[in-house]
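J.: Structural data only, the sequence is not supplied:
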């Protein structure tokens with residue numbers, strides 16, 4: 001007997017969208033403040049881009065679970 005398709009978990013879509021938007025906001029914040037304030041984390045310098053893109057990629061990885 002086949003198990004009925006239950007659809008997406010309730011946390012999937014909000015987590016997916018949050019990760020993608022957080023990554024985008026991280027990169028935009030880095031570019032807007034890189035000359036003056038040095039946000040989001042000044043000590044990481046260009047690694048802030050890697051963090052932002054990692055968040056976006058994690059969001060896209062979750063899209064593979066979306067039914």
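T.: Here it is on my side, so go on. These figures come from a predicted structure and were not determined experimentally.

J.: where are the low-confidence patches of this structure?
T.: Along the chain, the parts satisfying pLDDT under 70 run over 4.

J.: Which residue ranges of it form helices?
T.: Here the chain has its helices, by DSSP state H, at 12-33, 47-63.

J.: Kindly present these as a markdown table, with separate columns for mean neighbour count and distance to residue 40.
T.: All C-beta spots, glycine's among them, are computed from the backbone N, C-alpha and C. Converted to a markdown table, the helices of the chain look like this (neighbours: other CB atoms under 10 Å; distance: least, CB to CB, whole Å):
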| stretch | mean neighbour count | distance to residue 40 |
| --- | --- | --- |
| helix 12-33 | 15 | 5 |
| helix 47-63 | 15 | 6 |
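
J.: closest one to residue 3 among those helices?
T.: When those are compared by CB to CB, helix 12-33 sits nearest residue 3, at 18.2 Å.

J.: Against which helices or strands is that closest one packed?
T.: helix 47-63 (3 or more CB pairs under 8 Å, 6 or more residues apart in numbering; DSSP states H and E).

J.: contact partners of the helix it packs on?
T.: Helix 47-63 is contacted by residues 12, 15-20, 22-24, 26-27, 30, 40-41, 44 when judged by CB atoms under 8 Å, 6 or more residues apart in numbering.

J.: from the residues you listed, which single one is nearest residue 65?
T.: Of all the contacts of helix 47-63, residue 65 sits closest to residue 12, with 6.1 Å by CB to CB.

J.: you'd agree that closest one is up against residue 65?
T.: Yes. Contact criterion CB atoms under 8 Å: residue 12 and residue 65 qualify, at 6.1 Å.
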